[in-house]
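**Student:** Need a 3D model of the sequence below.
(one chain, ligands or ions: 1)
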Amino acid sequence: MAVVGLSGRLARCYCLRAVRSSLRVPALQLHVSKTAMGASQKDFESAVNQVKLLKKDPGNEVKLKLYALYKQATEGPCNTPKPGLFDLINKAKWDAWNALGDLPKETARQNYVDLVSGLRSSSDSSSQVKPEADKKQAGYETLVITSEDHITKIMLNRPAKKNALNTQMYQEIMLALEAASKDDSTITVFTGSGDYYSSGNDLTNFTDIPPGGVEEKAKNGAILLRDFVDCFIDFPKPLVAVVNGPAVGISVTVLGLFDLVYASDRATFHTPFSHLGQTPEGCSSYTFPKIMGLAKAVEMLIFGKKLTAGEAYAQGLVTEVFPDSTFEKEVWTRLKAYSKLPRNAMRISKQIIRNHEKEKLHAINAEESSILQERWLSDECVNAVMNFLSQKAKL
Ligand SMILES: CCCCCC/C=C/C(=O)SCCNC(=O)CCNC(=O)[C@H](O)C(C)(C)COP(=O)(O)OP(=O)(O)OC[C@H]1O[C@@H](n2cnc3c(N)ncnc32)[C@H](O)[C@@H]1OP(=O)(O)O
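**Tutor:** Numbers count the residues shown, from 1 in each chain. Here you go, the predicted structure:
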């Protein structure tokens, strides 16, 4: 049962970080093998049970190591077929297990016991007041994630690129949302670092063409887009956008799936899809007309009208606008107060408000993604992207 619980939890943790970390499993193996050999089956079973009682989530990296050692200890070397490229979770698990090679079952059992024992002592000795550095979750390269006051903050962190979303950032956001949905926070907040909230899809995403050519690129992009937006549709807790500056493209459209959108008066909202030979995504073809009415949605989504924060508030896309000088202070004071509200009541209220639309949103997301897959191959889109990239190349 314990094993089912662990692998179940792991299976729910998307594992970009784990994919990387799984490559480091042999290092851990060497480290823990230094201790005396010979954990009994009873020690092992007890360690399996202790994992369930850990006060602190050990993180994906450690969970993946535990998974690999458990499998090695109970089944021996990995000899199951390697999961497909897009089956991120199972591939990460397979990689971690496979990396243990021919490690004997007994050694794996001992290493598992040692690892759990280390986790228990670090969990027991962790002080109540966390130093600042500890609040930041490790393992993300394009995001800074902190958890404090029952709030998980996901900060887009490519300020030099105006927080454009590259493939890695899409994947890390999915991981972060998955983790935030399970952590002990009551609300989850997105914001941007630097002067932009986000400049939308990183247009250099279009330049990295796989061996299967542009068709494969477009197909992979549509899968990624669909998975990414699905994570927002399904996110179970109140989701808040703290829009610190201009927002473009997909960073604007998914706001229709957020529960609160607070904006600095410096923020602008811009979806230049037609200019890029593209079409709406993030369910905006449905949410925007619903939020602001057809006429205003058309102006944004077809004609690319850029809204000020005040206009976006008037259209109902933004919950409230704050002066930039007091934005952070006012917003975080408000959010800290909200985060103390009962977790379950907020979660269930969100469910009641959102659930009856979920199926529809998933269908719309699928349709928008598939239309974009075609659009990305069009001359209109290719020329627009080339135009942006060549202008930047001249600078
Ligand atoms: C899985 C795929 C899903 C795709 C879903 C479909 C999504 C659609 C969209 O999001 S459409 C919107 C796409 N975004 C844009 O069209 C914005 C493009 N950028 C700009 O227009 C400008 O950069 C700006 C207005 C955001 C900012 O202008 P400015 O203040 O003059 O700064 P710079 O242009 O010098 O930018 C600084 C630096 O950042 C790079 N950069 C900015 N935005 C992007 C971007 N979207 N993609 C890639 N790179 C971007 C820019 O090139 C500069 O880099 P450099 O310093 O030259 O290395």
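**Student:** How about the contacts made by residue 200?
**Tutor:** 164, 165, 247, 248, 249, 250, 251, 252 (CB atoms under 8 Å, 6 or more residues apart in numbering). Using the backbone N, CA and C atoms, a C-beta is placed for each residue, glycine as well.
**Student:** where does residue 98 sit relative to the ligand, distance-wise?
**Tutor:** 29 Å (CB to the nearest ligand atom, to the nearest Å).
**Student:** ok, now how distant is residue 156 from residue 320?
**Tutor:** From residue 156 across to residue 320, the span is 21 Å (CB to CB, to the nearest Å).
**Student:** give me the element residue 44 is part of.
**Tutor:** Element membership of residue 44 [criterion: DSSP states H and E] is helix 41-53.
**Student:** can you tell me the average pLDDT over that helix?
**Tutor:** In this model, helix 41-53 carries a mean pLDDT of 87.
**Student:** Please point out which parts of that helix sit buried.
**Tutor:** The neighbour-count check on helix 41-53 (16 or more other CB atoms under 10 Å) flags 43, 44, 47, 48, 50, 51 as buried.
**Student:** Could you point out which of those residues is nearest to the ligand?
**Tutor:** residue 51 (35.3 Å; CB to the nearest ligand atom).
**Student:** Residue 38: which of the contacts of residue 200 is nearest?
**Tutor:** Ranked by distance to residue 38 (CB to CB), those are led by residue 165 at 50.0 Å.
**Student:** Next one: the closest one, what pLDDT does it get?
**Tutor:** For residue 165, pLDDT reads 98.
**Student:** what about residue 86, which SS state?
**Tutor:** What DSSP: H, G, I helix; E, B strand; the rest coil gives for residue 86 is coil.
**Student:** Quick check, it in contact with residue 223.
**Tutor:** Yes. Counting by CB atoms under 8 Å, residue 223 is a contact partner of residue 86 at 6.6 Å.
**Student:** Spit out the contact partners of the closest residue to the ligand within the chain.
**Tutor:** Of all residues in the chain, residue 249 sits closest to the ligand, at 2.1 Å by CB to the nearest ligand atom. Residue 249 makes contacts with 198, 199, 200, 201, 270, 271, 272, 273, as judged by CB under 8 Å, 6+ apart.
**Student:** tell me, how many neighbours does the nearest residue to residue 77 once chain neighbours are set aside end up with?
**Tutor:** The spatially closest residue to residue 77, leaving aside those adjacent along the chain, is residue 102, at 5.5 Å (CB to CB, 6 or more residues apart in numbering). Under the neighbour criterion other CB atoms under 10 Å, residue 102 is assigned a count of 7.
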